[in-house]
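[1] Coordinates for the following, if possible.
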Amino acid sequence: MEKQKNAMFARIVSLMLLLSFCFIGSVLAENSVLPAEQKIGPLLKKEISQTQQNQLLANHGVNESPELAENEILTKVIVVIDANYLEPLGESTLRELKTKVERLGGRVGNHAFNNVQVWIPPGKIQGLAVWSRIKLIKKPTKPKIHDVMSTSPRDFGAGDWQAGGFTGRGIKVGIIDAGFFGYAALLGTVLPATVQIKQNGDSFYSSKHGTACAEIVHDLAPEAELFLVNVDDIDVDFYNAVKWLQLQGVEVISSSIGLNLKIFCKLTYLALWGDDNSSIGTSSLIDFIDQVEQQWNTTISDIVAHGVAWSQAAGNDARKKWSGPFIDGDQNGYLNFSLLDNRNKIDTTGYADEDVYVLLLWDGEAEHYNDYDLYIFDQYGNEIDRSWLDQAQFPFGIEACKFKVQSGREYYLKVNEYAAPYDYGENLVLLVGHEQFPALEYSDPYGTVNLNCPASNSDVITVGAVSLTSSSPEAVIEGYSSQGPAGDLLKPDLVAPVGVSTASYFHSFYGTSAAAPHVAGICALVRQRYPEFTPLQVKQYLEANALDLGTAGKDNVYGSGLVQLPADFGCRQDNLAGCESPASCSSIDAFWYAGTCSLEPRREVLDYNDGEIAVVPVSLGGDAADGRISAGDGLALEVDFPLSEETRNYAVIAFPGDAYFVRGDNHENFLTKEFTPVENGNYFATEDICALLPGYQETWEIYFLSVPAEAADFKTLEALSAYLGSDEGQYVFGQYRVEFDCRRE
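    Sure thing, here's the model as predicted:
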């Protein structure tokens, strides 16, 4: 049997596939300036050709020129500038690109690192590629989503935390996804009444996926503010989406998208079997994808370093990989996946008319590689595709096949050992490239978290998936959930349930896509309770309190275990006896009265004479809302004591561990240790209290007291406190809590 050869291999200077933990990368030699034709990616080149043909048909053959009309529709492309891919482009380069694009009838969009969005007539793309600063022009690459295809999700202790006042209030959560179709119809029900959105490109309404993720976050953190942003292309939009969320001040990000394994498999297939003109462009694309992965990781690590906790779906690739040595137990020349089975079935149920790519990879040494061949058969033994390169002519351990799924047909792969003169004991790796869930009958999940950037990033909280219906002690990892390690890291970090029902999907929501927003919602509660925590401390807190599953301790299947919150506090609205301090009482929006916690409403006091409710008008100025003061908000304290002619009146501000009386005048120094009764009136007013308290963060407990004038002539705070705590103590009492956070500008 003569081995397959391909002349284009002589023009590929280097195409090295790194097999370590199944991560695919490439090391390509530097090229001099390529001809314009070779700078255009093969997928874009095919699209241009199809557009030109369609235009000719539309003109009924009148326009015989392959050049398109001047008024042709603009197409979106990604222009990659030959520059440092981890540094921003210089303004002069951007201006020069903008000028060239506009001269060709196009326009420039956003940019990230050395990648720029450009809308341009297809017939003018080659004219743009002439510019020497351009390295590659390609089609935009869509992100991969990690679902399979509202009741509340499992509690994880969140119910107790919510009852204790931790609902995500004041925390901003960003959700990065491919699309948010139908979100507006859910506002005020399974989503907050309002959300902030940022649309990139035309795909914001392309999918319900992001909407379902937002529902899960809202279930767990019902008072968190949500910020929804879509990623139309991985090349530029991801970076700009993250930067937009950073500008909004988010403290938690949920991401259920990643780089697509299918992209690597497809590009590698094209590099091997594309035409001569596309081979170099395809190799450039493989190199580009590796650069984008580094750009994503740089972007994520930067925002985490600035205080944002990141929850990331682990990916659904565990059953898309097999690895192991070549073992031919039945001596027929084909790899045995089991003792008696030379075939590995690819489950493609439900994916009719879709392309599937299969890669076979193995290692070798220098220019010496053993020779293996890859075949695709159907259930009747009909050959669908083969890849049988001559490794003596092409010294790399790689084969690649492609097939289109037909309904009712089953697909199997087989690996043949054509020649193995070298005793390397090499490890073979099989990868299935598809956007969703084609699964191998025989698979190996080890290291598959590396197939989904950025799940292997050390700064993110990587989340795997377990079944929602499993009881916690018996929870089992979902078969598709990607596993570690990621280099020296144990991954995932945590697992969370999937299979939840959402209003967005009529069916249950599966995939690690559904797991990541569970952890993001939990992160919002932790950030509210512990605002001083760094992202690393949030991650450590969740891992320390997770329910350990699988092998004892953290492992590459379950991470540190099932996410859950500890029941480490007893102060709840349904358990007021557990509130042991004014601070704990205030944390559940209740009031501290003479050593006990009460649910009586704010701004109300009880007249000790007749038991009637009297209003104490405490006003917050500026834009402050419901007891929270931030930079720019004004504060006014005004009290109308209901029995002013019969009582001595006091306004007291309590800080943790201390208390001050409010003076009866409106001086800047309005706090005092002096025991001074006051009259009705305005005690304090300012346009911006944070201007007086820069960088301040604390909670003020403001008490309003009226005691009978005949009760006593109190000289000290201790004497007043003793009276109020005595059996004969009579008073009118009210309380208000104000939370100051002057750190945020």
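[2] can I get the CA coordinates of stretch 549-568 in CSV?
    The C-alpha trace of stretch 549-568 is given here as CSV (Å, rounded to 0.1, in the frame of the first residue of the first chain):
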residue,chain,number,x,y,z
LEU,A,549,-16.1,14.1,46.8
GLY,A,550,-14.2,11.3,45.2
THR,A,551,-10.6,10.8,46.4
ALA,A,552,-9.9,12.5,49.7
GLY,A,553,-8.7,16.0,49.3
LYS,A,554,-8.5,18.0,46.1
ASP,A,555,-8.3,15.9,42.9
ASN,A,556,-8.5,16.3,39.1
VAL,A,557,-12.1,15.0,38.9
TYR,A,558,-14.1,16.9,41.6
GLY,A,559,-11.5,19.5,42.6
SER,A,560,-12.0,20.4,46.3
GLY,A,561,-15.6,19.1,46.0
LEU,A,562,-19.2,20.3,45.7
VAL,A,563,-19.6,24.1,46.4
GLN,A,564,-21.5,24.9,49.5
LEU,A,565,-21.6,27.7,52.1
PRO,A,566,-21.0,27.0,55.8
ALA,A,567,-23.8,27.5,58.4
ASP,A,568,-21.3,29.4,60.6
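[3] contact partners of that stretch?
    156-158, 160-161, 445-446, 462-464, 466, 472, 475, 477, 483-485, 490-497, 518-519, 522, 525-526, 542-548 (C-beta atoms under 8 Å, 6 or more residues apart in numbering). For the C-beta atoms, the positions are set from N, CA and C on the backbone; glycine is no exception.
[4] Among the residues you listed, name the ones in strands.
    For the contacts of stretch 549-568, the ones inside strands are 462-464, 466, 494-497, with DSSP state E as the criterion.
[5] Including neighbour count, pLDDT and distance to G433, could those residues go into CSV?
    Listed next are the ones in strands among the contacts of stretch 549-568 as CSV, based on neighbours: other C-beta atoms under 10 Å; pLDDT from 0 to 100; distance: C-beta to C-beta, whole Å:
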residue, neighbour count, pLDDT, distance to G433
T462, 33, 98, 22
V463, 33, 97, 23
G464, 33, 96, 21
V466, 24, 93, 26
L494, 28, 97, 28
V495, 31, 96, 25
A496, 32, 94, 27
P497, 22, 89, 28
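[6] which of the residues in stretch 195-203 are buried?
    For stretch 195-203, a neighbour-count test (16 or more other C-beta atoms under 10 Å) marks 195, 198, 200-201, 203 as buried.
[7] residue ranges of the helices in the stretch 1-150 of the chain, please?
    Along the stretch 1-150 of the chain, counting by DSSP state H, counting those that start in this stretch, helices occupy 36-39, 42-58, 91-103, 125-129.
[8] cool, and the chain?
    Listed in chain order, the helices found in the chain under DSSP state H are 36-39, 42-58, 91-103, 125-129, 158-163, 209-220, 237-248, 261-273, 276-305, 512-529, 535-545, 582-587, 689-692, 717-724.
[9] Could you list the buried residues of the fifth one?
    Meaning helix 158-163. By neighbour count on 16+ other C-beta under 10 Å, the buried set for helix 158-163 is 158, 160-162.
[10] Could you dump the helices of the chain into TSV and include mean pLDDT and distance to D741?
    As requested, the helices of the chain are arranged in TSV below (pLDDT from 0 to 100; distance: least, C-beta to C-beta, whole Å):
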stretch	mean pLDDT	distance to D741
helix 36-39	78	52
helix 42-58	67	49
helix 91-103	93	37
helix 125-129	90	50
helix 158-163	84	20
helix 209-220	95	22
helix 237-248	96	16
helix 261-273	83	43
helix 276-305	81	21
helix 512-529	95	12
helix 535-545	94	18
helix 582-587	68	15
helix 689-692	78	8
helix 717-724	72	28
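[11] between the ones you listed, which one is nearest to K321?
    K321 lies closest to helix 261-273 among the helices of the chain, at 8.9 Å (C-beta to C-beta).
[12] and which of the buried residues of helix 158-163 is nearest to A709?
    For the buried residues of helix 158-163, the residue nearest A709 by C-beta to C-beta is Q162; the value is 44.8 Å.
[13] out of everything not next to it in sequence, what's closest to the closest one?
    What sits nearest to Q162 in space, not counting adjacent residues and going by C-beta to C-beta, 6 or more residues apart in numbering, is P222, at 7.1 Å.
[14] show me what contacts K100?
    Contacts of K100 (C-beta under 8 Å, 6+ apart): 128, 131.
[15] What separation do you get for it and V79?
    According to C-beta to C-beta, to the nearest Å, K100 and V79 sit 10 Å apart.
[16] got any residues that touch both of the two?
    Shared contacts of K100 and V79, defined by C-beta under 8 Å, 6+ apart, comprise L128.
[17] Pull the number of nearby residues for the spatially closest residue to N416 that is not a sequence neighbour.
    Closest residue to N416 apart from its sequence neighbours, by C-beta to C-beta, 6+ apart: D373 at 4.5 Å. D373 is flanked by 23 other residues according to other C-beta atoms under 10 Å.
[18] Also A305?
    By other C-beta under 10 Å, 12 other residues sit near A305.
[19] What of E91?
    8.
[20] what's near enough to touch S206?
    Going by C-beta under 8 Å, 6+ apart, S206 touches 178-179, 181, 230.
[21] What of I376?
    So I376 contacts 358, 383-386, 401, 403, 411-413 (C-beta under 8 Å, 6+ apart).
[22] Can you tell me how far the nearest residue to D328 once chain neighbours are set aside is from E687?
    The spatial neighbour of D328 that comes closest, neighbours along the chain excluded (C-beta to C-beta, 6+ apart), is N336 at 6.1 Å. In this view, N336 and E687 are 80 Å apart by C-beta to C-beta.
[23] And these two? Which one has more around it.
    The residue with more neighbours, out of N336 and E687, is N336; 19 against 11, by other C-beta under 10 Å.
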